Each structure stands twice: as structure tokens, then as C-alpha cells.
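> What follows is a predicted structure for the sequence shown.
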Amino acid sequence: MNKVSFVLDDEIKVIDFSQTPFSPTTTVLKYLRSLTSHKGVKEGCGEGDCGACTVVIAEPDNNKLHYRTVDSCLIFLPMIHGKQLITVENLSDGYGGLHPVQQAMVDAYASQCGYCTPGFVMSLFALYKSPEKVNRENILDAISGNLCRCTGYQPIIEAAEKVCRKRKDDIFSTKEKQSLRLLKQINKTETISFITNNQKYFKPFSLNEALLLKSKYPEAIIVSGNTDNGLRVNKKHELLQEIIDISDVQELKNITETKENLSVGAGVTMEQLKQATASCFPALHKMLTVFGSKQIRNMATIGGNIGSASPIGDSLPLLMAYDAVMAVCNQNESRVIKLCDFIKSYRKTDLRKDEIICSVGIPFPKKNQIIRSYKISKRKDLDISTCSAGFMLDIDQKNRKIKNMVLAFGGMAATTKRAVETEEFLIGKIWRKAIVEKASTILYNEFSPLSDARSGEEFRRLAARNLLFKFYKETS
């Protein structure tokens, strides 16, 4: 099958790549901008930072539709196969009447220049359709990925507070059964294949098919959330020659709890992980509250975040502190690798060419273990780390002697890296200020970080040292 089908404007749209100007790596944003009736979506930054391109994707979940915001500039067309695509134009009731969210924006005078308004409306629409109780905190979270250059945030927040606290059925509630019927008509079992002289794109719907394709095309790029590889197309204008899109492989989307750990499928999004860890992994949950924006967390997956091997990936230091393990597999076997051993060098992992990441095992903290996550960046939301850290302290409560220690840092080297010398110095010592002061000197000299646009070498050294002090203050 070489066609992509999705629901837009209450009907099934079919894109046959052999008969259109679009390619499988055409973004949803570019597709929408080519249509005369969907110009509300805008291209701002082209990298998921401004929210001007925000749309909502609706998918079946227990015979109901689940709505989530995404950045359309980062999603390839095949990634919306079998889903409903909703833009700001779809919110009208068909007779010129505004959706309650739109009306609230008008009533609160929440639009100024108007460029960002459709993106804000879509973010608030998804919040309006969510089952969660609305408060100021999750309103701010919902719009954290939307940028207003006119600084009109307060009226937008007021509009959200007013409309989301008095939610009622809307046009999408009345059309839900119709939308579900349309979505059920779309084939989501047969692999989508698009092959030309210069590009191959495959979208399997089962893990077995994904592994078969990876064995046949070992050089193929694996995409799921596409928040990283999408930039290669948008910013570097690369032609990605071979792609295996695993974004709809359901076997990779499970979260399973055992006595020892939480097993998280590689295709689980960061937002799903955030929701699943609120009680059992508070440090991980806290870190995910400042991981990108809602739009990014709705797309980015834990497997992709780890597999990119970014030296500034927010999750990696903390997952190292938890002593997470990777389950990777090919057609014939599976392997379990500690995350600390999985990252080999800059953007390089221990993953073989015919393997994909299947799941991540996060052990539950032991009774005496204290785990914390820290992130230093220039702003709270939607910012890349200047320096990040994941710490684990295992201490004897009777004599305050350190039994084990993990000090993992991002942004301090070419990879996420543990401060092994500092850890070795601390183990067996008493957890007290004089010891931490000595350890901080070792830590200051253990890394040789780069100076770049975000910060200088000296700042990063001082930041890493001061985070150790902060950890001590919180745990002493």
C-alpha cells in the first residue's frame, strides 16, 4: 500500500504519493498550507518552538476520541494515517458560529497581531476536550509551546480559565460517532511502502514487520515522534533516503509495572510517561514537566530521546541515576543493555544496524535511595539544557555513610556522562559538608565542557559543582 488516509473536514482524505507533488517526508504543515481552506496554520520557526503551526490530532481510545496537540511542522504525512486532523478552520459550527474557545478569546481581547492566535486556539481546544480538571497550572502547561510576540498571555490565560471551567458539548461531541466510523474504515494493518529512485519510506503496524524491514534496510532511519529527524528536513533540507516509521507499532506503546521496575515501550510518548510516573517516580515526573512543551511531549518518545544519544537530552542523566536498562531486539534475538553502557560517543549508541529499541526498564528506587533531577536553562519552558543532572544517593541512615552514588550530567561532555572520579571519592565517605566540598573540587576538574551559544566552559563547571551542593542541601 502506497497511500496515506486520514480524516479532515469530516471526510477521508487519501494521498497517493505516486500521483501528487507530495513526498512521504512532506510535513503536515506544508500539506495544509497548500490547501486554500486551511491557511490558519502558520509556519513560524519550523522547529517546534513557536506553536504557530499547532494542530490537533484525534485518535480512537476505548470508543472515544482522544485529542492531542502537535507541531505540524515536525510531522510527516504518513504519521497521521488513520487519524483525524483538526485545524482552526474546523472549529466553526458550520454556520459561522465560533467554537466556545474562539469566543472566549474574542471576549477576553486575547488576540493582538493575530499571527499566533490559531495556534493558541488549538492548544486551548485540546485542553477543552481533555478529561482533566482545568487549573492555572495545566493552562500554562497547555500553552507553554505557543509563543505570543505581543505578550498577550494574560488575556489568553483568562479566556482559558473562563471557557474550560464551564465546558459543555460542542460540535465535535455531536460528530464523534461519525468520526469514529470514518476512522475505522482506514486500513491500519497493511504496511505503507513508498519506493522511488532516491527515497524509501516504510510504515509498519507490527513489531515483527518493523524488525523485518530493519533487517532488510539496515541503514534506514527509525522515526517515531520525529522531533529530532524532522529538523533535518526542515532546517538542513536533507533528503532522508531510507525511513522506517514505527509511530503506529502498538507493541511499542505499552507501559507495564512489575515488582522490580516500570517497563516502558520505546514508542511511549513523553507526555504518556509523565502521566504514568506522577506517584511512583516523582523525580522523573518533575523532569518531564519541563521537557519541551505539551506539543513536543505529545510527539517525542522515550526510545527516540535515548536513541538520539544527544549530549543534552534531558531524560538521559536521570535515567542513568535510576540505573535504567534498554531492551533492544532484531528478528532473531533481544539484548538487555544498561543505559550507562548504551551511549558510546557523540550521537552513537551500542545499537546494531538491524536492531531497534523495544523498551526501557526503569527500576523502582530502593528504600534508602534518594534521586533528584536538575536542569539549568535560560527559561523554564521549552528550552534546551545548558547543564542537566540526575543524582542518586544510597546512604546508610544510621551512620550517614554513602553506600552508592550516581552523578550523571548532560551538557558537560560529548555524551551524557557520569562523574566517575567524584562518585568513587564519595562512596564510603560520610555525607557531610566538608566531604562534599572536597568532592566539588574533583567534580569541577572532571569535565572539560565546550563553550557554545548557550554558555561557556567556566559556567558549566561552576553549575555542575553547585548542583552537587544543592543536592547536598536538599538531602542533608
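Received it, and whenever you're ready, just let me know what you need.

> Point out where the protein drops to low pLDDT.
Low-confidence segments of the chain (pLDDT under 70): 95.

> Can you tell me which residue sits nearest the middle of it?
The chain has Ala300 as the residue nearest its centroid, 2.6 Å off, counting by CA atoms, centre = their mean.

> Now do that one against Pro60, distance only.
22 Å (CB to CB, to the nearest Å). (C-beta placed from N, C-alpha, C; glycine too.)

> Which residue ranges make up each domain of this structure?
3-184, 192-249, 253-475 (automatic domain parsing).

> Give me the distance between the two termini of the second one.
This points to domain 192-249. 12 Å (CA to CA, to the nearest Å).

> Please apply the same query to the last one.
Between the opening and closing residues of domain 253-475 there is a gap of 35 Å (CA to CA).

> before we move on, what about the first one?
Taking CA to CA, domain 3-184 runs 16 Å from one end to the other.

> Could you give the number of residues near Ser37?
11 (other CB atoms under 10 Å).

> check contacts around the residue nearest to it when sequence neighbours are not counted.
When the adjacent residues along the chain are set aside, Ser37 lies closest to Glu89, with 6.1 Å between them (CB to CB, 6 or more residues apart in numbering). Taking CB atoms under 8 Å, 6 or more residues apart in numbering, we find Glu89 in contact with Ser37, His38, Gly40.

> Glu89 belongs to a strand?
No. Using DSSP: H, G, I helix; E, B strand; the rest coil, the assignment for Glu89 is helix, not a strand.

> residues contacting Asp141?
Thr289, Lys294 are the contacts of Asp141 under CB under 8 Å, 6+ apart.

> That one - that's part of a helix, no?
Yes. Counting by three-state DSSP, Asp141 is part of a helix.

> which residues in the stretch 51-200 of the chain form strands?
54-61, 64-71, 84-86, 192-195, 200-203 (DSSP state E, counting those that start in this stretch).

> Could you do the stretch 351-476 of the chain as well?
Using DSSP E, counting those that start in this stretch, strands in the stretch 351-476 of the chain cover 356-363, 369-376, 387-395, 402-410, 417-418.

> For the ones you listed, give me JSON lines that also has distance to Leu319 and mean neighbour count.
Output for the strands of the stretch 351-476 of the chain, formatted as JSON lines (distance: least, CB to CB, whole Å; neighbours: other CB atoms under 10 Å):
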{"stretch": "strand 356-363", "distance to Leu319": "7", "mean neighbour count": "23"}
{"stretch": "strand 369-376", "distance to Leu319": "10", "mean neighbour count": "21"}
{"stretch": "strand 387-395", "distance to Leu319": "7", "mean neighbour count": "24"}
{"stretch": "strand 402-410", "distance to Leu319": "8", "mean neighbour count": "22"}
{"stretch": "strand 417-418", "distance to Leu319": "12", "mean neighbour count": "20"}
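
> Now render the ones you listed as a markdown table, adding distance to Phe291.
Below are those laid out as a markdown table (distance: least, CB to CB, whole Å):
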| stretch | distance to Phe291 |
| --- | --- |
| strand 356-363 | 15 |
| strand 369-376 | 9 |
| strand 387-395 | 10 |
| strand 402-410 | 12 |
| strand 417-418 | 20 |
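
> Nearest to Leu450, out of those?
strand 387-395 (11.7 Å; CB to CB).

> by contact count, what packs against the closest one?
For strand 387-395, the packing partners by 3 or more CB pairs under 8 Å, 6 or more residues apart in numbering; DSSP states H and E come out as helix 315-321, strand 369-376, strand 402-410, helix 457-475.

> which secondary structure elements does the third one contact?
By that I understand strand 402-410. Strand 402-410 packs on helix 315-321, strand 387-395, strand 417-418, helix 420-426, going by 3+ CB pairs under 8 Å, 6+ apart.

> run the last query once more with 6 Å
helix 315-321, strand 387-395, helix 420-426 (3 or more CB pairs under 6 Å, 6 or more residues apart in numbering; DSSP states H and E).

> So in that sheet, which strands flank it, and in what orientation?
Strand 402-410 has its sheet partners listed here by DSSP bridges as strand 387-395 (antiparallel), strand 417-418 (antiparallel).

> these two touch, right, Leu211 and Asn332?
No. Using CB atoms under 6 Å, Leu211 is not in contact with Asn332; the gap is 9.0 Å.

> the more surrounded of those two?
Leu211 (22 against 8).

> If you count neighbours, what's buried in the helix or strand that one falls within?
Using DSSP states H and E, Leu211 maps to helix 207-216. Neighbour counts over helix 207-216 (16 or more other CB atoms under 10 Å) mark Leu207, Glu209, Ala210, Leu211, Leu212, Leu213, Lys214 as buried.

> Can I get stretch 299-313 in PDB, CA atoms only?
The C-alpha trace of stretch 299-313 is given here as PDB (Å, rounded to 0.1, in the frame of the first residue of the first chain):
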ATOM      1  CA  MET A 299       5.100  13.500  19.900                       C
ATOM      2  CA  ALA A 300       8.600  12.700  21.400                       C
ATOM      3  CA  THR A 301       9.100   9.200  22.600                       C
ATOM      4  CA  ILE A 302      11.400   7.800  25.200                       C
ATOM      5  CA  GLY A 303      13.000   5.400  22.700                       C
ATOM      6  CA  GLY A 304      13.800   8.300  20.400                       C
ATOM      7  CA  ASN A 305      15.100  10.600  23.200                       C
ATOM      8  CA  ILE A 306      17.500   7.900  24.200                       C
ATOM      9  CA  GLY A 307      18.300   6.600  20.800                       C
ATOM     10  CA  SER A 308      19.300  10.100  19.600                       C
ATOM     11  CA  ALA A 309      22.200   9.900  22.100                       C
ATOM     12  CA  SER A 310      22.100  13.700  22.500                       C
ATOM     13  CA  PRO A 311      24.600  15.100  25.000                       C
ATOM     14  CA  ILE A 312      21.900  17.400  26.200                       C
ATOM     15  CA  GLY A 313      18.900  15.000  26.200                       C
END
